[in-house]
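[1] Mind folding the following:
(chains A and B)
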Amino acid sequence: MPTVTEILETMDYGPAPEASGEVTAWLKARGQFGHFIDGAFTKPGKGFASANPANGEVLAKVSQGTQKDVEAAVKAARAALPGWSKLAGHERAKWLYAIARHIQKRERFLAVLEVMDNGKPIREARDIDVPLVARHFYHHAGWAEMLEDEFPGARPVGVCGQIIPWNFPLLMLAWKIAPAIAAGNTVVLKPAEYTPLTALAFAEICAEIGLPKGVVNIVTGDGETGAALVGSDADKIAFTGSTEVGRAIRKATAGTGKKLTLELGGKSPFIVFADADLDAAVEGVVDAIWFNQGQVCCAGSRILVQEGIAATFQSRLKARLSKLRVGDPLDKSTDVGAIVDPVQLTRIRDLVAKGEAEGAVLHQAEAQLPAKGCFFAPGFMTNVQPANIVSEVEIFGPVATLTTFRTPAEAVELANNSRYGLAASIWSENVNLTLDIAAKVKAGVVWVNSTNIFDAGAGFGGYRESGFGREGGREGMREYLSSPVVKAKPEAEAPDLSAAPVPGAPSKGPAPIDRTAKMYIGGAQKRPDSGYSYAVMGKAGEIGLAGLGNRKDIRNAVEAAHKASGWGKATGHNRAQVLYYLAENLSARKAEFTARLKAAGVAKAADEVATSIRRAFYYAAQADKFDGAVHSTKSAHVTLAMPEPFGVMGVACPNDAPLLGFLSLILPAIAMGNRVVAIPSASMPLAATDLYQVFDTSDLPGGVVNIVTGAKDELAKTLAGHDDVAAMWYCGGPDGARMTEAESSGNLKVTWTFANRDWHGSDGQGRDFLLRATQVKNIWVPYGE
Amino acid sequence: MSQSAAPALSNTDRNPGMPLRIDWFDQIAVNTQAAERRAATLTTRRTVKKEWQAAWLVNAIRCIDLTTLAGDDTEDRVRRLCAKAVRPLADHIMAGLGLEHLTTGAVCVYPTMVAAAVRAVAGTGIPVASVATGFPAGLMPLDLRLAEIRYAVDQGAEEIDIVITRAHVLDGNWTALYDEVAAMREACGAAHMKAILATGDLQTLRNVYKASMVAMQAGSDFIKTSTGKEGVNATLPVSLIMVRALRDYMDRTGHRVGFKPAGGMKTAKDAIAWQILMKEEMGNDWLRPHLFRLGASSMLGDIERQLEHHITGRYSASSRHALA
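    You can find the predicted model right below:
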C-alpha cells in the first residue's frame, strides 16, 4: 500500500472494494439450487454453473428446468390462482408491501449478489437497480389496494409465464412479478441462465415472508426452459429479451389465446441539437450507452449530433471517456464493469470489428482492462453511416455510433430510420424543439434532456419491433388484467367467392344502371388489380358485384394509407367534426342503407343503421376526449403518457353485421388518428362500399379509410404480414386468428384477434376499442432553472 | 514531502485577462436538472478509502483558506487562527501519517486584520488573503472599494478576495461588471485576485456561468463561489458550472484559472466531494493549492478528527484538537 505522502503526489482514488463476505457465505451455504415451485425449493437437478463474469469464478450451480419442472410450476401456479385472485386487494397489497420491505432490508446483499452474477458496477446495482426494485413493489402494492376502484370489472389474466433477461436481473423480475401478482395473477418466472441468482434470493424472500405457495414460482434454465414455458398452458407470456426470440415467441403463441407482451431490442437515437447544454448531453451519453456496460435495451446507442457542434461534442465526449474507470465491478469507484458472459463479449468484439471494417473509427477509453474477466473498453464510433451494420444492429455493449445531421427534420428522419422504436433521448434547451421532436420520434419512451430515467409509475415499452405492451404505471397494470368477458356470437362464414361469370336470368322490367363496387383506395374508387369481381348474393339471388381483391390491392391500399399522414396530426376536434359529418350524411341516407341491408338479408336492418349512426357520434365524442395522463414519478419531472395512433392499421371485419361491424371497428381506429385498410364482410361488402360516397361527402381525407373487398383470410394474411402496417385487428374464427398472429411476427405488429360479437349492444363500442387503437408514448420532461 | 507540503503559493502563471467577449457566454446553455444529476452522482461514482482517504484529507488541508470573517474578529482571534494554519494537525497525527510539514493554503481575514495575520504567519510562507471591496455585499462606491484593495495589499495581503456587484449580473450589464473587475485586478497589483461571484444571489446556473466568464476575462486569478454570507453558499452544481466555465476559458485562451468554493462546507466528506469534482472535471492540477482552495473554517476540525481516527482506529473528539 502506498504511503500518504506517495498518494499526495498521485492523488489516485485507490481501491474501494465493496465487501462480498455475506454473499459468498450465502452461496457457499446453498451450493446448488433447485427451482422454487409451490413455495419450496426442489431438489437440485442437472444443471449448469453461474459464474462471475469479472473473474470467471463459479458462484453456484443451478438446475436446468425441464419440461416437467415447468409443468409442475405452472400446475402450482394454477392451483394457487383461485385463492390468490380472490383475496381482497388489500390483502395482496400487504404481501407486496412485505416483499418491498424485505428487499430494502436486504438491499446491500441483493446488490452485491447482482454485481457478482452480472458484472455490473456496484454503484448501479446499489443506487439504481435495487432501489427501483423496492419502488416497484411499493408502487404495485398500491395498485393491488386500488384495483377494484381503478379497473372495475377487470379480472386477472391467470397464470403468467415470465421470461426475463440478464441485463437487469432483479429489476426485470420486479417489473414482471409486481404488476402480475398485484393484479391477482400467479407467476412462473424464468430468469436468464447467465444471471439466475438474485431471482433465487428473491424466492427465498417469498418463502421467508410466507407468501402463499404457488403464487410465485421460479424455474431456472436456458432457452429450452423458456420455450417449455411458452409452450405451457400459461394464460399469458411476458418476455423481455432479444427481438429474435420475441419473434419466435409470437409465432409459438399464435392462435393459443395467450396474452402476450414483448419488451425487445432497440437502437435508440440520442439526438443532440446545437443549442443543447453539451456537457449535459455528454454526461447523458455516460448514463446511456456507458451505463450497465451498454447492455441496456433502451440505451441511446445511436448518437445523432447537429453538424455545427459535432467537433466540439466529439472532443468533449473523448475527454469524458478518458475519465471512465473500467474494472472490478465490486469497486465503488468503477464506472464500467464486466460484460455478462464471454459469448456476449465475443459478439461485441465481432460487431465492432465489422463496423471498423466498414470504415468506422473507434474511439475507446484508454483504460487498463483487468487481465482476466469479460471486459470491453467503452467507446464510440465515428464515420458511421446509416448503411453500416453498426448503425442498424444492436451491439449491446458500451459502444455508440455517432452520426451528424443538419436539420431537425433530418434528425427525425435518421432517428426513425430503424426497425426498432424503444426509446429516444433529445437534447436542446429549446422546449419547442424538444417537444416537437418528442412527438415525431417513433419510440415508446422519450427522454428530454435526460436519459435512462425509470420509475414504477410510468409506462415503459416500445413501438415497432421493440415489442408491445407496457410495464409500469397504469398502462403496465392493464397488461395483467383481462377486460370483462365479451360473449362471442356465431356468424355465418362467407361462402367461397367465385369470380366466374354467373349466367343469370335477365332482369325483368327496365334495366337499372349497373353498379359494380370497386375498391376504395386513397379516396378514389379503383378497379381490382385482379380484374375480377364476384357476385354478392342477397336473400333473393345476386344483388351486385364486388371486386375480388388481391395482395396488390392491399399493397396499394397500405401505400395510400401512409400518404394520408395528415390525419394523425389533425386535432381531435377536427376528426370529431368529420365523424359527426359522417353520421349526418349516413343519417340522410338511412333509408337507402336500410334497404341495402334488408336486401342482403340482415335481420335488424333499421336498427343496424341507427346504431351505426349512434356509433359515429360516440367516437366523434371520444375523438377529443380519450387522452393521456401525467404520471406521478420523480420530483421536477413532467412525465406525459400520450396515447398515439399506430399509423396504418389493418382491420379484418366480421362477416356478420356488414355495416355496423365494419363501422364499429374503423370508427375507433380513425377517431384516434389511425389510417385504416379494411376488409369488409365478404358476404355483404356492399354495405361498406356504399359508404364511399358518404366518406367523400363527409370531408374524410382520401386514404384515411381504404377498403379492399374479397376473401377475408387471404387479404388479412397479406395485411398481417405487411411490414409497413403497425397494427392489425382480426375479427373471425380461430384459424384466422392464428394466421394473423403468426404472420404479424415479421414486424411484430400489435394484433387484436377476437370472435364476432353482438355489435348492437355495449360490447360493440367503448374505451377498450380506443385503448387498442393507440399505443402509449411516455415523454419525460425534467424541469428547473 | 517538501514539494507537497510547500507553502501554498498562488498560481505563478497569472491570468492576464482579455478584452470583454460577450459572445463567449451570452448564449450559453446550462441545463439545471442535468447539472444537478451530475453533481449528485460525482460522489456516488467515486470514493476514497483508507490511506487514500487520509491523503485526500491532508490534501484538502493544504488547499484550505482558513478563514475568519466575523464582526467580532479581533487581532487575538486572528492570531489563534494563524497558529492553526501553521500547525493544522497535532504532532501525533502528523507522525502517524508520515508527514513532516503541513500548513493550510492561506489564511483569509478582513482588511483591518491583515497586519496582525501577516505578523502571525511571518516566516511560514503561508500567504494572507484579505477580502475587500465592501465585503460581503460590495455596495460601496467603486473608488472606496478600490482603495480598500490597495489598503489590504499595503498591509501585506498577497491574495485579495473581491466581491462583484451582483446587480450587474442580474441586469446583464456585462460591460459594467467587466470594467469593475478589471479595475479591481489593477488595484491588486502583484496580489492574486479571487473574484467572489456570490452565486447564491445570482440564482441561476446560467448567471453563474456568465459571471464566471466575465470575471475571468477581466483577469481574475481565481473564481470563488460565495462570501459565506449568502443564503446559499457553495454547492456542487454551482461549482460544477464554474469549473466548466474555467475549463472553457482555458480551452480558448490557454490561461489556467483557479477555483475556490467557499461557505457552507463543514465536513471532511465535503472536502472529498469537492476534490472529486476537481479531479473528474479538470484533473490533478486542480487539486493543488495554486489552482484550488477551499474557503472554510470549521471543516478543518472535522478533517482532524477523521485523520486521528485513521491513525488510532478510535473515533475522535473535537476537544482533543486545537481550536482554529
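
[2] Tell me, please, where in chain A the pLDDT is lower than the cut-off.
    Along chain A, the model assigns pLDDT under 70 to residues A:501-514.

[3] any idea which residue sits dead centre in it?
    A:Phe468 (2.0 Å; C-alpha atoms, centre = their mean).

[4] Check the spacing between the nearest residue to that residue once chain neighbours are set aside and chain B real quick.
    Excluding the flanking residues, the one nearest A:Phe468 by C-beta to C-beta, 6 or more residues apart in numbering or on different chains is A:Val750, at 4.7 Å. For the C-beta atoms, the positions are set from N, CA and C on the backbone; glycine is no exception. Using C-beta to the nearest C-beta, to the nearest Å, A:Val750 is found at 33 Å from chain B.

[5] Which secondary structure state does the spatially closest residue to A:Asp699 that is not a sequence neighbour sit in?
    Distances taken as C-beta to C-beta, 6+ apart put A:Val578 closest to A:Asp699, at 5.5 Å, once the chain neighbours are dropped. The three-state assignment at A:Val578 reads helix, by DSSP: H, G, I helix; E, B strand; the rest coil.

[6] Quick check, A:Val578 in contact with A:Asp696.
    No - using C-beta atoms under 8 Å, A:Val578 is not in contact with A:Asp696; the gap is 11.7 Å.

[7] List the residues that contact the residue lying closest to A:Ser530 once chain neighbours are set aside.
    Closest residue to A:Ser530 in three dimensions, ignoring its sequence neighbours and counting by C-beta to C-beta, 6+ apart: A:Asn550, at 4.8 Å. Shown in contact with A:Asn550 (C-beta atoms under 8 Å, 6 or more residues apart in numbering or on different chains): A:528-530, A:710, A:714-715.

[8] please redo it, this time with the cut-off set to 10 Å
    If you count contacts by C-beta atoms under 10 Å, 6 or more residues apart in numbering or on different chains, A:Asn550 has them with A:528-532, A:708, A:710-711, A:714-715, A:718.

[9] Give the PyMOL command for selecting the buried subset of the residues you listed.
    Of the contacts of A:Asn550, the buried ones can be selected in PyMOL as follows, counting by 16 or more other C-beta atoms under 10 Å in any protein chain shown:
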select buried, chain A and resi 528+529+530+532+708+710+711+714+715+718
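
[10] what would the contacts of A:Asn550 look like in a markdown table with secondary structure?
    Putting the contacts of A:Asn550 into a markdown table (three-state DSSP) gives the following:
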| residue | secondary structure |
| --- | --- |
| A:Pro528 | coil |
| A:Asp529 | coil |
| A:Ser530 | coil |
| A:Gly531 | coil |
| A:Tyr532 | coil |
| A:Val708 | coil |
| A:Gly710 | coil |
| A:Ala711 | coil |
| A:Glu714 | helix |
| A:Leu715 | helix |
| A:Thr718 | helix |
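
[11] so how far is A:Ala561 from the closest residue to chain B within the stretch 201-350 of chain A?
    Of all residues in the stretch 201-350 of chain A, the one sitting closest to chain B is A:Ala280 (3.3 Å; C-beta to the nearest C-beta). Counting by C-beta to C-beta, to the nearest Å, the gap between A:Ala280 and A:Ala561 amounts to 40 Å.

[12] and if you look at A:Ala274?
    According to C-beta to C-beta, A:Ala274 and A:Ala561 sit 36 Å apart.

[13] Within range of chain B, give me the residues from the stretch 1-150 of chain A.
    Residues of the stretch 1-150 of chain A lying close to chain B by C-beta under 10 Å from any C-beta of the partner chain are A:1-17, A:121, A:123-124, A:126-128.

[14] Just the ones in strands from those residues, please.
    Using DSSP state E to define strands, no part of those is located there.

[15] Narrow these to those in helices?
    Per DSSP state H, helices hold the following members of these: A:4-10, A:123-124.

[16] rewinding a little: and of the contacts of A:Asn550, the nearest to chain B?
    A:Thr718 (47.6 Å).

[17] From A:Asp117, how far off is that closest one?
    Distance check for A:Thr718 against A:Asp117: by C-beta to C-beta, it reads 46 Å.

[18] okay, A:Ala274 and A:Ala561: which has more neighbours?
    The residue with more neighbours, out of A:Ala274 and A:Ala561, is A:Ala561; 27 against 16, by other C-beta atoms under 10 Å in any protein chain shown.

[19] what's the closest non-adjacent residue to B:Ala317?
    Nearest to B:Ala317 is B:Arg305, by C-beta to C-beta, 6+ apart, at 7.3 Å.

[20] I figured that neighbour hits B:Ala268, correct?
    Yes - contact criterion C-beta atoms under 10 Å: B:Arg305 and B:Ala268 qualify, at 7.8 Å.

[21] ranges for the helices of the stretch 501-650 of chain A?
    Under the criterion DSSP state H, counting those that start in this stretch, the stretch 501-650 of chain A contains helices at A:551-563, A:566-569, A:572-588, A:590-599, A:605-623.

[22] and B:Lys266, how many neighbours?
    B:Lys266 has 15 neighbouring residues, counting by other C-beta under 10 Å.

[23] which residues does the residue nearest to it when sequence neighbours are not counted contact?
    Of all residues not flanking B:Lys266 in the chain, B:Ser298 sits nearest, at 4.9 Å (C-beta to C-beta, 6+ apart). In this structure, B:Ser298 makes contact with B:67, B:265-267, B:318, B:324, judged by C-beta under 10 Å, 6+ apart.

[24] how is chain A carved up into domains?
    Domain assignment of chain A by automatic domain parsing yields the ranges A:21-263, A:268-461, A:558-628+A:644-774.

[25] Tabulate the ones you listed (a markdown table), appending distance to B:Met18.
    Listed next are the domains of chain A as a markdown table, based on distance: least, C-beta to C-beta, whole Å:
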| stretch | distance to B:Met18 |
| --- | --- |
| domain A:21-263 | 41 |
| domain A:268-461 | 20 |
| domain A:558-628+A:644-774 | 50 |
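
[26] Of all those domains, which one is nearest B:Ala191?
    Among the domains of chain A, the nearest to B:Ala191 by C-beta to C-beta is domain A:268-461 (32.5 Å).

[27] gap between the closest one and the chain center?
    Distance, stretch centre to chain centre, for domain A:268-461: 21 Å (C-alpha atoms, centre = their mean, to the nearest Å).

[28] Could you work out the end-to-end span of that domain for me?
    One end of domain A:268-461 sits 12 Å from the other (C-alpha to C-alpha, to the nearest Å).

[29] buried ones in the host helix or strand of A:Leu770?
    Assigned by DSSP states H and E, A:Leu770 belongs to helix A:767-772. By 16+ other C-beta under 10 Å, the buried positions in helix A:767-772 come out as A:769-772.

[30] and of these, the nearest to A:Lys46?
    Taking C-beta to C-beta as the measure, A:Lys46 sits nearest to A:Arg772 out of the buried residues of helix A:767-772, at 43.7 Å.

[31] right, and the closest one touches A:Tyr730 too?
    No - between A:Arg772 and A:Tyr730 there is no contact under C-beta under 10 Å: 11.9 Å.

[32] could you show me where the strands are in the stretch 601-750 of chain A, in order?
    Remark: strands assigned in the stretch 601-750 of chain A by DSSP state E, counting those that start in this stretch are A:629-631, A:637-645, A:648-652, A:675-679, A:705-707, A:727-731, A:750-754.

[33] Pipe the ones you listed into a markdown table and attach mean neighbour count per row.
    Converted to a markdown table, those look like this (neighbours: other C-beta atoms under 10 Å in any protein chain shown):
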| stretch | mean neighbour count |
| --- | --- |
| strand A:629-631 | 17 |
| strand A:637-645 | 19 |
| strand A:648-652 | 29 |
| strand A:675-679 | 28 |
| strand A:705-707 | 29 |
| strand A:727-731 | 26 |
| strand A:750-754 | 20 |
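
[34] Turn the ones you listed into TSV, including distance to B:Val208.
    As requested, the strands of the stretch 601-750 of chain A are exported to TSV (distance: least, C-beta to C-beta, whole Å):
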stretch	distance to B:Val208
strand A:629-631	31
strand A:637-645	23
strand A:648-652	50
strand A:675-679	50
strand A:705-707	56
strand A:727-731	49
strand A:750-754	48
